[in-house]
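# I need the structure of the sequence given here:
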Amino acid sequence: MIEKTTHKIHFSNADDLSKVEDNSVSLVVTSPPYPMIEMWDESFSRQNKDISKALEKGRPEHAFELMHKILDEIWQECSRVLCDGGVACINIGDATRTIDSKRDGKKFQLFSNHARIISSFVDLGFSNLPNIIWRKQTNAPNKFMGSGMYPPGAYVTLEHEFILVFRKGNKREFSAKEKQNRRESAYFWEERNNWFSDLWELKGTTQVLSENGARDRSGAFPFEVPYRLINMFSVKGDTVLDPFIGTGTTSLAAIASGRNSIGYELESEFSSTIEQTLLLESNLELINNTIRKRILNHKEFINQRIEEKGIESVKHYNEWFDFPVMTRQEKDLTLQFVENIQKTDDNLFGASYVQEALLDYQGSHSLFSQV
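Have a look, this model is predicted:
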C-alpha cells in the first residue's frame, strides 16, 4: 500500500538533470515542443540562434535538425537517469509547414518528428517497442489541406500524433518489495485489452484545468494520456520523470497512480499554473472520479460478463474490492483514492492516500460527496 508520494518541480533546462541520480527513474512520460511547429519556433531559437537564421534563410531541413539536436541532449540525460528496464514514452506529432525560400519559392512539406526521435533513442541503445497512434479527431469539415477538388494539389490532413515507447536495456527486474507493488499495480483485464491497443481515440477526454492560456502555450496533453501510460509502464512507488512538465499534467497523473514524480520546465512563468494544477480542488475530484470510474466500469463489465456467459466464466476474486476479476494477476490489484495534495516546500508537493477500500463507490465518503 502507498501512504504518501512526493512531486518535485525544477525550473531549468532538462538538458541538465544533474539533480536526478543515475538509474533512479523508472518511467519517462513527456510531450516535448514539436520541431517545425511555429508556436515553438521562439523557444527553440532562444536556445540556438542559428535556428531562427535557418528559418529566415529558407533552410527548413537545417532548422529541423538543429531543433532535434536540442532534444537529443535531453534524451541523453533521460537515458542516464532511467533504470535498466525503464521505459520512455514520448508523445510527438509530425509537422507540416510551408517555407518561403529564395531558391525554391514557397514549398510545403512534412517534417517527420517521430522518425527523428526514434532514430535518436535507437542511437542511445534503447529498444523501440510497439508505438501507439493517438488519433485526435478534428471537427473541421475539410479533410484536406491545399487546393480544392483538383488533383494533385491537396494534402492529407494530419489527425494523429504518436506515443513512442522505448525500453532501456533488458526487461526490468524487481526487488521483493517492488514485486508486491507490482502485484498491487495490476490493471483490469478489460483495461489491458483497451489500453494496449496501438490506436487510441481520446477525443473529448478530461483536461486538467489551467489559466492564462498556459495550455495553448504548452501544448499540454489530456490527463488520460499520462494516466494510462503511467499505469501501463510503471508500478506504485516508482518515480516518473517529465522533462517538459508544462502545466503539470504528468505529475497529477502520477499522484492519481500512486507514483512519485519529477518535472522540469524551462519557463518559470508556469510555476503558478503547475501549482494550480496540483492543488486545485476540482483536480483532486478529477483524480478520485477517475479511480471511481475504473472500479464501477469493472463492476459493470463483470455483471455483463456473468449475464452473458455465466458465473463460471469469472473464476477469480479480489478481496480488497470484494468483487470478481478475470485473472489471477488481478487478485492483488488495489486502487487507492487520494486524500489530499499539499505544497510542502518550494516547488515540492506531497500527496497522501486513503488506506481502506471504500467499498461504497457511490460517493458517501466525504472526498466523493460531490461525485
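# what is the neighbour count of Leu284?
21 (other Cβ atoms under 10 Å). (C-beta placed from N, C-alpha, C; glycine too.)
# which helix is the longest one in the chain?
Identified as the longest helix of the chain according to DSSP state H is helix 281-309.
# so what touches the next helix or strand after that helix?
Remark: after helix 281-309, the chain's next helix or strand is strand 316-318, criterion DSSP states H and E. With contacts defined as Cβ atoms under 8 Å, 6 or more residues apart in numbering, strand 316-318 is touched by Phe323, Pro324, Val325, Met326, Thr327, Arg328, Glu330, Lys331, Asp332, Leu333.
# quick one: strand 316-318 to chain centroid distance?
Its chain's C-alpha centre lies 30 Å from the corresponding centre of strand 316-318 when counted by Cα atoms, centre = their mean, to the nearest Å.
# buried residues, the next helix or strand after it. List them.
Later in the chain than strand 316-318, the nearest helix or strand by DSSP H and E is strand 323-325. For strand 323-325, a neighbour-count test (16 or more other Cβ atoms under 10 Å) marks Pro324, Val325 as buried.
# you'd agree Tyr187 is in a helix?
No: counting by DSSP: H, G, I helix; E, B strand; the rest coil, Tyr187 falls outside a helix, being coil.
# how much space separates it from Glu173?
Going from Tyr187 to Glu173 by Cβ to Cβ, to the nearest Å gives 21 Å.
# looking at those two, which one has more neighbours?
When Tyr187 and Glu173 are compared for neighbours, Tyr187 comes out ahead with 20 against 10, by other Cβ under 10 Å.
# so what's the residue count around the closest residue to the more buried one other than its chain neighbours?
Closest residue to Tyr187 apart from its sequence neighbours, by Cβ to Cβ, 6 or more residues apart in numbering: Asn231 at 5.8 Å. Per other Cβ under 10 Å, the neighbour tally for Asn231 reads 22.
# Asn231: which element?
helix 224-233.
# so what secondary structure elements neighbour the next helix or strand after that helix?
Using DSSP H and E, the next helix or strand after helix 224-233 towards the C-terminus is strand 239-242. Packing partners of strand 239-242 (3 or more Cβ pairs under 8 Å, 6 or more residues apart in numbering; DSSP states H and E): strand 25-30, helix 249-257, strand 260-264.
# partners of strand 239-242 in the sheet?
Pairing partners of strand 239-242, with direction, according to DSSP bridges: strand 25-30 (parallel), strand 260-264 (parallel).
# who wins for proximity to Gly153 among those?
Nearest to Gly153, of all the strands paired with strand 239-242, is strand 25-30, at 36.5 Å by Cβ to Cβ.
# Leu82 and Val25, how far apart?
Distance of Leu82 to Val25, given as Cβ to Cβ: 5 Å.
# I should have written Ala220 there, sorry.
21 Å.
# also Glu339?
Taking Cβ to Cβ, one finds Glu339 at 26 Å from Val25.
# which residues in this protein form helices?
Applying DSSP H to the chain gives helices spanning 41-47, 49-56, 60-81, 113-123, 176-184, 189-195, 214-218, 224-233, 249-257, 271-279, 281-309.
# identify each buried residue in the fourth one, please.
In this case it means helix 113-123. Neighbour-count burial for helix 113-123 flags Asn113, His114, Arg116, Ile117, Ile118, Ser120, Phe121 (criterion: 16+ other Cβ under 10 Å).
# pLDDT added to these, as JSON lines?
Converted to JSON lines, the buried residues of helix 113-123 look like this (pLDDT from 0 to 100):
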{"residue": "Asn113", "pLDDT": "98"}
{"residue": "His114", "pLDDT": "98"}
{"residue": "Arg116", "pLDDT": "98"}
{"residue": "Ile117", "pLDDT": "98"}
{"residue": "Ile118", "pLDDT": "98"}
{"residue": "Ser120", "pLDDT": "98"}
{"residue": "Phe121", "pLDDT": "98"}
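# out of the helices and strands packed on strand 239-242, the one nearest Ser352 is which?
Closest approach to Ser352 among the helices and strands packed on strand 239-242 is made by helix 249-257 (10.0 Å; Cβ to Cβ).
# could you find the closest non-adjacent residue to the residue nearest the centre of the chain?
For the chain, the residue sitting closest to the mean C-alpha position, by Cα atoms, centre = their mean, is Pro226 at 2.7 Å. Closest residue in space to Pro226, ignoring its immediate chain neighbours: Ala253 at 3.9 Å, by Cβ to Cβ, 6+ apart.
# got a pLDDT number for the one you found?
pLDDT, Ala253: 98.
# any idea how far it lies from Tyr353?
Counting by Cβ to Cβ - Ala253 and Tyr353 are separated by 15 Å.
# then Asp15?
34 Å.
# Asn13 now?
Note on Asn13: its distance to Tyr353, by Cβ to Cβ, is 33 Å.
# got the domain boundaries for this structure?
As assigned by automatic domain parsing, the chain contains the domains 4-273, 285-368.
# any weak-confidence spans in this structure?
102, 137-148, 203-219, 358-371 (pLDDT under 70).
# repeat the analysis, applying 90 as the threshold.
In the prediction, the chain carries residues with pLDDT under 90 at positions 1, 58, 98-108, 136-159, 176-177, 202-221, 268, 355-371.
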